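> when you get a sec, could you give me coordinates for this:
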Amino acid sequence: MGLLPFAKTSFGLMPLFGNNVWFNALAALAAFYYGFIVPPKVKGVSVGEEVSS
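Numbering: from 1, shown residues only. Here you go, the predicted structure:
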């Protein structure tokens, strides 16, 4: 939303532009890594294999 000029705020509650966009992108990458890459490594399977519980 912050990259679109007409959506610079979330209903006037908080800013969604500038460094906030890059910070949220970095947080999303970290969440993806620790959510989808690390758990299969801990269980000892490849990322491409299906993890059966």
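> remind me which residues of the protein are low pLDDT?
Applying pLDDT under 70 to the chain picks out residues 1-5, 11, 40, 42, 44-53.
> just the helices in it please.
Ranges of helices within the chain are 19-32, 38-43, based on DSSP state H.
> can I get the longest one in CSV, CA atoms only?
Think helix 19-32. Extracted as CSV, the C-alpha positions of helix 19-32 are listed here (Å, rounded to 0.1, in the frame of the first residue of the first chain):
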residue,chain,number,x,y,z
ASN,A,19,11.3,3.7,5.4
ASN,A,20,8.2,1.9,6.8
VAL,A,21,7.8,0.1,3.4
TRP,A,22,11.3,-1.2,3.5
PHE,A,23,11.1,-2.2,7.1
ASN,A,24,7.9,-4.2,6.5
ALA,A,25,9.5,-5.9,3.5
LEU,A,26,12.5,-6.9,5.6
ALA,A,27,10.2,-8.2,8.4
ALA,A,28,8.2,-10.2,5.8
LEU,A,29,11.4,-11.8,4.5
ALA,A,30,12.5,-12.7,8.0
ALA,A,31,9.1,-14.2,8.8
PHE,A,32,9.2,-16.2,5.5
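> output the contacting helices and strands for that helix.
Here helix 19-32 touches no other helix or strand, going by 3 or more CB pairs under 8 Å, 6 or more residues apart in numbering; DSSP states H and E. Where you see a C-beta, it was placed from the backbone N, CA and C, and this is true even at glycine.
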